[in-house]
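Peer 1: return a 3D structure for these sequence lines:
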Amino acid sequence: MINNKPKPVISPRLIALQIIEEVLEKNIPLKIAINNNEILKKIRKDKALIQEMLYGTLRWYIQLEYILNQLIEKRIKKKDRLLKYLIIIGLYQLMYMRIPSHAVVSETVEICVKINMGWAKGLINAILRKYLRETKNLNSKISKNELIKLAHPEWLIEKIKGDWPNDWNNILIANNERPPMFLRVNQLQNNREEYLIKLKKVGITGGKTNYSSNGILLEEPTSIEKLPGFAQGDISIQDLAAQLAVELLDLKPNHNVLDACAAPGGKSAHILESEPKIKTLTAIEKDKIRAEKLHGTLDRLKLHANIKVENIVNIDAWWNGKKFDRILFDAPCSATGVIRRHPDIKLLRTMDEITAINKLQMKLLATLWSTLKNNGLLVYATCSVLNQENSNLIKKFIKKHSECNLKPIITKWGFDTGYGRQILSGQDNMDGFFYACLKKNIKC
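Peer 2: I've put the predicted structure just below:
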């Protein structure tokens, strides 16, 4: 018997709504919520639309919530939070997407039925149409309100302003921009000139980066399926700021190297590509799911490391007592330097979390320091722009460890903080990153 029943129509806005709810109600990072969505895994059509709604809504959520509150007399009840998120997604489309307003209104209204809130159809229709009538007045209000205009939580604005009084506004503006797409050419299989030719042949335009000899900046971001040789390991996707780590390690043949907090594996791969004659690379990752991504990254690039799925603080579980020549410590951090790639950070991160992370950073750094050889080098890295996690932490660590010497980073990128080098979000089109090179010098 032939089943002639039509397949149910998948609504991009409904999927976006479900994922937004996961992020905001369960504090699940956006990237994880996207990867966990079973429907999204199975569809190809409308993926770009869904991603645009998700990232855009969270990027401008604080501003969109403010606008909603200007359009209604009474705040939407907590039990009706799905309705609130649905309206905010609709407002994002009206404000920032090139979708006809009548389509946005009608399709947003129709979602009410699918979430068993048919009673709210008239309310949503009225709110969205009111926005269209009052756009000019609302835009004027936004322009006069710093907090709403920049769409960051007040505590984070004050924190960044305190650390970077001359640059804070540029940092926040950069956080709200769409991120660029950088590639790193696998030098074991290609050189940059050859790969640029491959890109040109498939109609993708890219250019050489200034600070990485294997980096390419694409003119427009594209899907990995369109990148020639990606599956075969020709290239990796990695922001330019992250590509700077390996050169700082000053790798030599026969070095024993440790990559701490190694997933998803971009820096581990870069280490192996840059100096294939190192003796060993040990890569530690405590999270099993992230460790699987680390395995996958190295397998795709045809590389090998000694991967340990352990917590760094449990040193006896992963360390055999043989000290390392080089350690790359990509520390867990606030990720305030990569907000443009992960806009949910603005909504999920708290000051209390940063305080807790800061204590963990110091504990992990002290643990790793004990595994470094005399005259060895440890590169401390974060994707944060907060001094608390960066220069201030390094200053404290050096004061506690007389055998720790700061190796100057002589380069044109970033700022010299006196205790490492800081790249601010958007500076030279890079993510916000911090690096400090720590050399151990125990005098006998």
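
Peer 1: for residue 412, what are its contacts?
Peer 2: 210, 211 (C-beta atoms under 8 Å, 6 or more residues apart in numbering). No exception for glycine: its C-beta is placed from N, CA and C like everyone else's.

Peer 1: begin at 5 from here
Peer 2: Okay, residue one is now 5; in that scheme the one you just asked about reads as residue 416.

Peer 1: tell me the secondary structure at it.
Peer 2: Using DSSP: H, G, I helix; E, B strand; the rest coil as the criterion, the local structure at residue 416 reads coil.

Peer 1: element containing residue 246, please.
Peer 2: In this structure, residue 246 sits in helix 244-247 according to DSSP states H and E.

Peer 1: near residue 100, how many other residues are there?
Peer 2: Using other C-beta atoms under 10 Å, residue 100 has 15 other residues around it.

Peer 1: pLDDT at it, what is it?
Peer 2: What the model reports as pLDDT for residue 100 is 96.

Peer 1: without its sequence neighbours, what residue ends up closest to it?
Peer 2: Excluding its sequence neighbours, the residue lying closest to residue 100 (C-beta to C-beta, 6 or more residues apart in numbering) is residue 60, at 5.5 Å.

Peer 1: check contacts around the one you found.
Peer 2: 96, 100, 101.

Peer 1: tell me the mean pLDDT for the strand or helix carrying it?
Peer 2: Element membership of residue 60 [criterion: DSSP H and E] is helix 51-63. Average pLDDT, helix 51-63: 96.

Peer 1: that older thread, out of the contacts of residue 60, which is nearest to residue 358?
Peer 2: residue 96 (27.6 Å; C-beta to C-beta).

Peer 1: name the nearest residue to the closest one, sequence neighbours excluded.
Peer 2: Leaving out its chain neighbours, residue 96 is closest to residue 61 (C-beta to C-beta, 6+ apart), at 4.5 Å.

Peer 1: what does residue 33 give?
Peer 2: The nearest residue in space to residue 33 (C-beta to C-beta, 6+ apart) is residue 348, at 6.0 Å.

Peer 1: wait, that neighbour sits on residue 62?
Peer 2: Yes: look at residue 348 against residue 62 with C-beta atoms under 8 Å: they come within range, at 5.0 Å.

Peer 1: okay, and the common contacts of these two?
Peer 2: 27, 34.

Peer 1: am I right that residue 389 sits in a strand?
Peer 2: No: counting by three-state DSSP, residue 389 is not part of a strand but coil.

Peer 1: mind listing what it touches?
Peer 2: Residue 389 neighbours (C-beta under 8 Å, 6+ apart): 164, 167, 168, 175, 340, 341, 426, 428, 429, 436, 438.
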